[in-house]
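Novice: missing the sequence, but the structure's below:
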């Protein structure tokens with residue numbers, strides 16, 4: 001059975017244009033109208049319940065309320081989400097969720113409410129500094145939400161997340177499997193749930209293998225290049241030597257490699273370095289960076305499609321399983337015990 005998407009493809013127009021033809025609302029040129037009607041005739045198209053639901057919507061607007069939209073990976077992901085929505089001629093508006101402070105304690109929730117007041121059909125919550133109970137209250141009042149990089153058990157079918165704890169564990173275990181027992185760490189931003197989870201997973205792997213990491217070999221970072229560089233320099237000044245360094249993201253790892261190299265040391269011959277994320281540039285660093293790949297684009301597209309299904313009664317394919325993938329390159333060296 002032909003779908004509204006099939007009609008749009010054959011007519012060479014967007015799904016939103018087909019929707020306007022079906023509903024009779026909105027401007028459509030006579031030439032476009034002819035193409036769409038011809039495509040529907042050729043495909044023997046009959047509007048389904050999903051198609052009728054889509055054309056009945058008036059705003060065709062999705063909001064993103066986010067605390068985690070900076071950085072190369074997230075900017076790239078945002079572009080892909082925009083492209084997915086553009087196919088349906090759905091508009092995207094954005095509100096910054098990272099607004100809590102002692103001076104404006106309710107600013108974060110207020111920015112969310114502004115999206116609702118602007119007429120959003122649905123909202124993607126990208127990360128969050130709101131408590132789970134408050135998100136559940138929002139979902140009860142405004143059901144058309146999905147959560148990206150966040151997990152709440154009671155609405156798990158609307159959550160798209162990655163097991164950062166297990167990924168951190170994989171990183172720690174990989175360094176141990178390569179023979180390292182003197183390991184240092186530059187963390188990510190520990191105030192975020194995913195940053196804390198990846199760090200705790202890393203520590204658990206070390207603990208399970210009876211590997212101790214002293215406090216002086218843990219530098220609290222914030223995912224930035226600057227903190228990665230400063231962190232590596234700080235760790236190199238410590239009396240306790242280390243042969244491997246785990247960084248909370250690839251940006252920190254790349255700048256740590258620069259700092260180590262500037263001190264006359266070699267990666268991985270003197271110090272192995274492992275990242276987290278698998279940024280596009282990670283394969284081109286010198287040496288290419290060993291890391292774990294976070295399938296963030298797939299998570300974001302599924303969160304977007306789940307919301308489109310909720311808002312417009314569509315039946316787009318989505319996925320919930322995002323497995324951990326260790327990417328072995330040349331920045332981690334195997335140590336051979338004498």
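Specialist: Cool, the structure landed. Nothing here was measured: the structure is a model prediction, and the numbers come from that model.
Novice: Number of residues surrounding residue 92?
Specialist: 17 (other CB atoms under 10 Å). Just so you know, the C-beta spots here come from the backbone N, C-alpha and C atoms, and that holds for glycine as well.
Novice: In the stretch 201-338 of the chain, what residue spans correspond to strands?
Specialist: 218-219, 244-247, 272-274, 291-293, 325-327 (DSSP state E, counting those that start in this stretch).
Novice: I'd like those as CSV, with mean neighbour count appended.
Specialist: What follows is these, written out as CSV (neighbours: other CB atoms under 10 Å):
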stretch, mean neighbour count
strand 218-219, 21
strand 244-247, 30
strand 272-274, 29
strand 291-293, 23
strand 325-327, 15
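Novice: Out of those, which is closest to residue 162?
Specialist: strand 291-293 (9.7 Å; CB to CB).
Novice: mean confidence for the closest one?
Specialist: Strand 291-293 shows a mean pLDDT of 97 in the predicted model.
Novice: for the stretch 51-200 of the chain, what spans make up the strands?
Specialist: Going by DSSP E, counting those that start in this stretch, the stretch 51-200 of the chain shows strands at 61-66, 91-96, 122-126, 145-148, 159-160, 183-186.
Novice: where in the chain is pLDDT low?
Specialist: Regions of the chain meeting the criterion pLDDT under 70 cover residues 23-27, 48-58, 67-73, 97-108, 129, 337-338.
Novice: That one - how does it break down into domains?
Specialist: 4-56, 61-162+296-322, 164-294 (automatic domain parsing).
Novice: Please identify the most buried of these.
Specialist: domain 164-294 (a mean of 20; mean count of other CB atoms under 10 Å).
Novice: how far does that domain sit from the chain's center?
Specialist: 20 Å (CA atoms, centre = their mean, to the nearest Å).
Novice: how long is that domain end to end?
Specialist: One end of domain 164-294 to the other measures 9 Å (CA to CA, to the nearest Å).
Novice: again with stretch 288-295
Specialist: First-to-last residue span, stretch 288-295, CA to CA: 19 Å.
Novice: Centre of the chain to it, how far?
Specialist: Worked out by CA atoms, centre = their mean, stretch 288-295 lies 14 Å from the chain centre.
Novice: do you know which of the domains of the chain lies nearest residue 332?
Specialist: domain 164-294 (4.2 Å).
Novice: Leaving out sequence neighbours, find the closest residue to the most centrally placed residue in the chain.
Specialist: Ranked by distance to the mean C-alpha position of the chain (CA atoms, centre = their mean), the top residue is residue 296 at 4.0 Å. Spatial nearest neighbour of residue 296, chain neighbours left out: residue 77 (5.3 Å); criterion: CB to CB, 6 or more residues apart in numbering.
Novice: Pretty sure that neighbour sits against residue 298.
Specialist: No: with contact taken as CB atoms under 8 Å, residue 77 and residue 298 are classed as non-touching, separated by 9.6 Å.
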